[in-house]
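# here's my sequence, what's the structure:
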Amino acid sequence: MNPSRPGLPRFDDTVTTANVHERAEQVAVPNFDWMSTPVVAVVDAFLHIDPDAPPPPRRRYRPVLRPAAPASVDEAAQSATHLMADITRIHR
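Numbers count the residues shown, from 1 in each chain. Sure, this is the predicted structure:
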């Protein structure tokens, strides 16, 4: 795992006389997200996530096809029950 993540302000070979003031401000007052950065750090520590590792392969959802169960309820009785329920709702 790479100990320094890209984007962290630091003094290295890329510092020139033109950008030394800007780089010094970035190091002195870093742009820190107080909400998500600690959460990401804790998750990285628990899961041992390597930021340089390639992403895992995607898994695709494949539904399992099962034969339909035979209807055990009489369709006429069921439709009559729905009709009676609708009638009682209308007349209340």
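# would you map the strands across this structure?
With DSSP state E, there are no strands along the chain.
# what bits of it have low per-residue confidence?
Where the chain drops to pLDDT under 70, the residues are 1-9, 30, 69-73, 90-92.
# could you point out the longest helix in it?
helix 75-90 (DSSP state H).
# from what I see, Phe11 and Gln26 are in contact.
No - using Cβ atoms under 8 Å, Phe11 is not in contact with Gln26; the gap is 10.0 Å. C-beta coordinates here come from the backbone N, C-alpha and C atoms, glycine included.
# more neighbours: which of those two?
Gln26 (15 against 11; other Cβ atoms under 10 Å).
# for stretch 48-59, how far is the first residue from the last?
With Cα to Cα, to the nearest Å applied, stretch 48-59 spans 21 Å between its terminal residues.
# check the burial of Arg89 by counting its neighbours.
Arg89: 8 neighbours (other Cβ under 10 Å).
# again with Ala80
Count around Ala80 with other Cβ under 10 Å applied: 11.
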